[in-house]
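Peer 1: My questions concern the predicted model and sequence given below.
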Amino acid sequence: MEQEEEEKESKREWFVMRDLHRGHRAHLSYQLLAEKGYSTYTPTVKTIVRDKTRKAYIVERPYLPDLFFLNAQRSQLIALTNEPKCNFQFRYRYGVSPPAPMVVPDKQMDDFIRANKESEETRFFPVTDIPKSARNSPIRIIGGPLDGLEGLLLRTRGTKRKQLIIELPHFLAISVYVKDEYIEFL
């Protein structure tokens with residue numbers, strides 16, 4: 001039993017974190033941790049921003065300013081959150097006793113990151129908004145920039161475009177458009 005706990009403590013995991021800066025600073029917690037050498041990720045969306053001369057730029061911004069993911073050992077992260085002036089905290093799962101920090105499996109997190117970076121059009125939504133029709137159609141992408149990604153197929157009535165949904169358990173989902181020739185049903 002002790003050996004399992006030690007192994008769990010030494011294993012690197014993706015933790016779901018909450019940034020307490022909430023966008024009020026020039027550098028958010030995930031940026032500061034990345035500068036310290038930690039592996040961090042935040043889902044981003046492309047938005048149009050205009051400067052003072054009304055010139056438009058496309059900028060990547062965090063989808064949720066207070067959300068980021070941190071890949072670290074649990075013991076290392078607990079020590080980091082106990083430091084003074086720590087501006088982030090764990091996100092916890094509801095309905096679990098004792099409360100446990102939210103952890104995302106490595107494969108799903110890698111697929112989620114790749115889908116967000118490789119696709120031009122992404123859409124984020126809560127896991128509860130995934131249609132039941134998509135739950136019954138697991139797929140894998142063969143070829144193209146999203147090669148090897150696994151998720152759910154979402155068909156939208158009135159359009160020929162199909163979407164791949166990648167879900168982070170109990171939390172967030174991303175959908176990206178995929179071409180028909182790359183879809184393999186599982």
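Peer 2: That came through, no problem. Numbering: from 1, shown residues only.

Peer 1: okay, the residue of the chain most remote from its centre: pLDDT?
Peer 2: Computed with Cα atoms, centre = their mean, the residue of the chain farthest from its C-alpha average is residue 53, at 34.5 Å. For residue 53, the model assigns a pLDDT of 90.

Peer 1: ok, now residue 110?
Peer 2: On the pLDDT scale, residue 110 gets 91.

Peer 1: where does it sit relative to residue 80, distance-wise?
Peer 2: 23 Å (Cβ to Cβ, to the nearest Å). In this view, the C-beta of every residue, glycine as well, is placed from N, C-alpha and C.

Peer 1: Just confirm the residue farthest from the centre of the chain is within a strand.
Peer 2: No: using DSSP: H, G, I helix; E, B strand; the rest coil, the secondary structure at residue 53 is coil, not a strand.

Peer 1: residues touching it, list them.
Peer 2: Contacts of residue 53 were listed using Cβ atoms under 8 Å, 6 or more residues apart in numbering, and none were found.

Peer 1: for the one 5 residues further on, same thing?
Peer 2: Listed by Cβ under 8 Å, 6+ apart, the contact set of residue 58 reads 46, 47, 48, 49.

Peer 1: Looking at these, which are in strands?
Peer 2: In this view, the contacts of residue 58 that belong to strands under DSSP state E are 46, 47, 48, 49.

Peer 1: Excluding chain neighbours, what is closest to the last one?
Peer 2: This points to residue 49. residue 59 (4.8 Å; Cβ to Cβ, 6 or more residues apart in numbering).

Peer 1: SS state for that neighbour?
Peer 2: Under three-state DSSP, residue 59 falls in the strand class.

Peer 1: if I look at it, how far off is residue 19?
Peer 2: 18 Å.

Peer 1: For this protein, just list every one of the helices.
Peer 2: 2-10, 29-35, 74-81, 106-118, 132-135 (DSSP state H).

Peer 1: Name the residues that touch the shortest one?
Peer 2: Read that as helix 132-135. Helix 132-135 is contacted from outside by 152, 153, 154, 155, 165, using Cβ under 8 Å, 6+ apart.

Peer 1: Convert the C-alpha atoms of it to CSV, please.
Peer 2: Presented in CSV, the C-alpha positions along helix 132-135 are these (Å, rounded to 0.1, in the frame of the first residue of the first chain):
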residue,chain,number,x,y,z
LYS,A,132,-26.2,11.5,-27.0
SER,A,133,-25.9,10.6,-30.7
ALA,A,134,-22.1,11.3,-30.6
ARG,A,135,-21.6,9.0,-27.6
